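In: Provide a 3D model corresponding to the input given below.
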Amino acid sequence: MAFFFKPPRGNIALHTIKTCVHQRLKYLMSVMNNDTSYEPEKMEYLITGSSMDRAGHYMLRLLAISSVRIREFFVKAETILFSARFKLLSSKEILTNMRISLRHISESVIGSGEPEEFLVNVKHIFEELSIRKIIDHIFSEDHSTECEQYTLKAPFTLCLSLVKQRKVSLKDGVADIPCGVFKIFLLELFEKHIVFGMEQLVNTGCFKEASQDPRIRELRKELEKLVLSSPAHITPVVLKACDVDTESVFFPLCMTHLHRTLRTRHRLSHEWRRQYTLFLKDIGMPVEEAIEFWSSEYSLPKSNDCDGCCHSWQKDAKRFHYSIRHMYGLEGGRYHYMVASCRALQMANLQPSAEGGCPFKHFDEEKLTSYFPSHLMEDDSVLNYILQLKKNSPKKACQAHMFAISRSEPLKYSSRTDEGKSSLIYYSPAHYYLSLKNT
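Out: Numbering: from 1, shown residues only. This is a model prediction of the structure:
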């Protein structure tokens, strides 16, 4: 039951890590395809909890961040693999792995922030569960999914699928989880841990350098081809220029704001035009559609209240073509650019007239709530909760807003219950969009 809280140490030869990653990806594809006949060529790279098992997982995690195709496949496949491994363990082995995970968590919690807070919560949960009689009870063969002999308290954001299915009771944002659904809860924790791990990588100073390493870029392209060749891969959505207005209902407020500003003024300043272009690229807009999208806006005259950008498509078409293709990695150094992470947007030092940033960090309450849907404005308890979170934690306020708008009706949780879908956890505007679309 490897939770992957601790990356491997030491040096690994390039050919070894490439073989390890290829073996792991092929094995994940067989798991997704339910292909029981597949036999890995090098099984030593897939021994649960081994250094090579961790090396393959962490390298795939790094590659998945910068590729939408790999990311969606990776999160789903690793969760299925975790579930399959989990079922093969005895209660004694589960207890041993849980205690090892506790030690690794203690070594991983460095600094502060949402990923670290998540690890602290997981540590508390594992401490509560790491009791022999509880583990023996939960993982006994005749244990019922309706059993409530033991309960566990945890933030409701850690068990959203159970909240949607009404499997837990809620009070003041805390879920009371009965032992009958602990196994489902652990799967959801694992999936969230992968996503938070990606967020931690995005926010580290070495991520950009690592993702632009030519060896990493070459490996990413190889793996994308493998994922696309698999019948189990998740087909990426192609976003067309004519569909942006319709799809904007799924945008995070930071990108909704840029979209509305563009549609009103027909211009954006350089940096926020760049961020919006990268966002559209990351959620599935091909380069040809991006050129069409921006040409349609910049061919229009700018509004009277637009002071920043003085470019037009008629005058600067060649410059725009090159700029867009450069952001797609097709010109210049051919780097793989991505939209800024949530953390980067929140930490941005903005001028008063700036167009972008994080609405939950940089907008006042009046401007922020002007972007809220009507049903949310009518729900005083949820509205006040979001505005209270905004004061100290913009990311939590954004997550609470996302959860509120994903519900089918005000004050009622959605009745949709697909455990395989995202748990509303994200680390960038693009991931927000993909998570909300899959809910």
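
In: in the protein, what residue sits furthest out from the centroid?
Out: Most distant from the centre of the chain: Lys315, at 39.0 Å, with distances by C-alpha atoms, centre = their mean.

In: Just the element for the residue lying closest to Ala348 once chain neighbours are set aside, please.
Out: Using C-beta to C-beta, 6 or more residues apart in numbering and skipping the chain neighbours, the partner closest in space to Ala348 is Gly357 (5.3 Å). No exception for glycine: its C-beta is placed from N, CA and C like everyone else's. Mapping Gly357 onto the secondary structure by DSSP states H and E places it in no helix or strand at all.

In: so Gly357 touches Leu345, yeah?
Out: Yes. Checked against C-beta atoms under 8 Å, the pair Gly357 and Leu345 is within contact range at 6.1 Å.

In: Just say helix, strand or coil for the nearest residue to Ile12 once chain neighbours are set aside.
Out: The spatially closest residue to Ile12, leaving aside those adjacent along the chain, is Ala55, at 6.0 Å (C-beta to C-beta, 6+ apart). For Ala55, the secondary-structure state derived from DSSP: H, G, I helix; E, B strand; the rest coil is helix.

In: what about Ala55, how many neighbours?
Out: Neighbours of Ala55 under the rule other C-beta atoms under 10 Å: 21.

In: What of the one 5 residues further on?
Out: Here the count is done by other C-beta under 10 Å, and Leu60 has 23 residues near it.

In: Leaving aside the residues adjacent along the chain, what's closest to it?
Out: Once flanking residues are discounted, Leu60 sits nearest to Phe74: 5.6 Å by C-beta to C-beta, 6+ apart.

In: Go through stretch 126-141 and flag the buried ones.
Out: For stretch 126-141, burial by neighbour count (16 or more other C-beta atoms under 10 Å) applies to 126, 129-130, 134-135, 137-139.

In: wait, I meant stretch 19-29
Out: Applying a neighbour-count criterion of 16+ other C-beta under 10 Å, the buried positions in stretch 19-29 are 19-25, 27-29.

In: Need the residues you listed in a markdown table (columns: distance to Leu160, secondary structure and pLDDT).
Out: Compiled in a markdown table, these are given as follows (distance: C-beta to C-beta, whole Å; DSSP: H, G, I helix; E, B strand; the rest coil; pLDDT from 0 to 100):
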| residue | distance to Leu160 | secondary structure | pLDDT |
| --- | --- | --- | --- |
| Thr19 | 37 | helix | 92 |
| Cys20 | 33 | helix | 93 |
| Val21 | 31 | helix | 92 |
| His22 | 34 | helix | 91 |
| Gln23 | 33 | helix | 91 |
| Arg24 | 28 | helix | 92 |
| Leu25 | 28 | helix | 89 |
| Tyr27 | 29 | helix | 90 |
| Leu28 | 24 | helix | 90 |
| Met29 | 28 | helix | 87 |
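
In: Ala2: which of the residues you listed is nearest?
Out: Arg24 (12.2 Å; C-beta to C-beta).

In: OK, contacts around that closest one?
Out: Going by C-beta atoms under 8 Å, 6 or more residues apart in numbering, Arg24 touches 45-46, 56-57, 60.

In: Which one of those is nearest to Leu187?
Out: Using C-beta to C-beta, those come closest to Leu187 at His57, 16.2 Å.

In: neighbours around Ala354, how many?
Out: Summarising burial for Ala354: neighbours were counted as other C-beta under 10 Å, giving 14.

In: Got phi/psi on it?
Out: The main-chain torsion angles of Ala354 are listed as degrees, to the nearest 10 and equal phi -60, psi 150.

In: And the next helix or strand past the helix-or-strand element of the chain with minimal mean pLDDT?
Out: Comparing helices and strands within the chain by mean pLDDT, DSSP states H and E singles out helix 207-211 as the least confident, with a mean of 77. Downstream of helix 207-211, the first helix or strand assigned by DSSP H and E is helix 214-229.

In: Thanks again, I'm all set now.
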